[in-house]
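Enquirer: mind folding the following:
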Amino acid sequence: MKKTRSGITIECIEGDIAAQNDISAVVNAANAQLKTGGGVAGAIHHAAGSGLEKECRSLAPIEPGEAVITGGHNLPNQYVIHCLGPVFGRDKPEDQLLANCYKNALNISEEKGIESIAFPAISTGAFSYPTQKAAEVAIGTIRDMLPKLKAVKTIRFVLYDKKDLEIHENILSEL
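Expert: Residues are numbered from 1 along each chain as shown. Reported below is the predicted structural model:
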C-alpha cells in the first residue's frame, strides 16, 4: 500500500529490511550497545558485515528514543540509522520514546539529504511493544513530521510478517 502526502510517498511492504535495494537508509531497531542481536539488528548486522559493528563501537551506548547514523557497509544502502526503541512496560513514557525514534531518524535523514528511508516496526519484537499501538505512534509521528520534511521523499515500512503488514496498512489507510 502507498499513500502520498505533502509530496512524500509512505508505503508498507512485507519483506526483509536488509534487502531494500532502492532505499538510501535503513533503520536498525538497535540495542543500546549497537551490537548484533536478534530480529532486525541481527538481519542488518549479518548483511552489513563486521565493519558495521566496528563503526558502531564509538557511538554506543545510546538511550531509548535516540538515533545515530553509520555507513551501510555491505548493505545495498548508503546508510544505517540505528534507533533504540523503548521496552514496553519498562521505559517511560514509551509512546514518546518510540515517537522520538521516528523523529530523530527523520531529522538525521533531513540533515544528510537522504531521500528514502525504510523503517522496521521498532520495539515490536523483543521489546514487546504491541504492534497496533506501535504502528499508531509511528504513522502518527510521521504524519506530524511531513510538513517539515524537504529531502525525504519516500518512507517505507518493511514488516516481517503479513499480520504486521495488515496492521500498518490499516493505520496508513486512515492517513
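Enquirer: may I have the predicted confidence score for the residue nearest to L159 when sequence neighbours are not counted?
Expert: In this structure, L159 finds its nearest non-sequential neighbour in L165, 4.3 Å apart by C-beta to C-beta, 6 or more residues apart in numbering. Just so you know, the C-beta spots here come from the backbone N, C-alpha and C atoms, and that holds for glycine as well. L165 carries a pLDDT value of 98.
Enquirer: L165: how many residues sit nearby?
Expert: 19 (other C-beta atoms under 10 Å).
Enquirer: how about A99?
Expert: Using other C-beta under 10 Å, A99 is surrounded by 20 other residues.
Enquirer: so who does it touch?
Expert: 65, 137, 140-141 (C-beta atoms under 8 Å, 6 or more residues apart in numbering).
Enquirer: can you rerun that using 6 Å?
Expert: Taking C-beta atoms under 6 Å, 6 or more residues apart in numbering, we find A99 in contact with 137, 141.
Enquirer: before we move on, what about L159?
Expert: Applying C-beta under 6 Å, 6+ apart, the residues contacting L159 are 14, 121, 165, 168.
Enquirer: could those residues go into TSV alongside secondary structure and distance to Q33?
Expert: Listed next are the contacts of L159 as TSV, based on DSSP: H, G, I helix; E, B strand; the rest coil; distance: C-beta to C-beta, whole Å:
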residue	secondary structure	distance to Q33
E14	strand	29
A121	coil	21
L165	helix	30
H168	helix	28
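Enquirer: and E63, that's in a helix?
Expert: No. When classified by DSSP: H, G, I helix; E, B strand; the rest coil, E63 is found to be coil rather than part of a helix.
Enquirer: and it, how far from D164?
Expert: Per C-beta to C-beta, to the nearest Å, E63 is found 26 Å from D164.
Enquirer: buried stuff in the helix or strand I10 falls within?
Expert: Using DSSP states H and E, I10 maps to strand 8-14. Applying a neighbour-count criterion of 16 or more other C-beta atoms under 10 Å, one finds 8, 10-14 buried in strand 8-14.
Enquirer: how about the helices in the protein?
Expert: When secondary structure is read from DSSP state H, the chain shows helices at 39-48, 50-56, 94-112, 131-145, 162-173.
Enquirer: now those helices in TSV, with distance to V80?
Expert: Shown next, in TSV, are the helices of the chain (distance: least, C-beta to C-beta, whole Å):
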stretch	distance to V80
helix 39-48	6
helix 50-56	7
helix 94-112	10
helix 131-145	18
helix 162-173	21
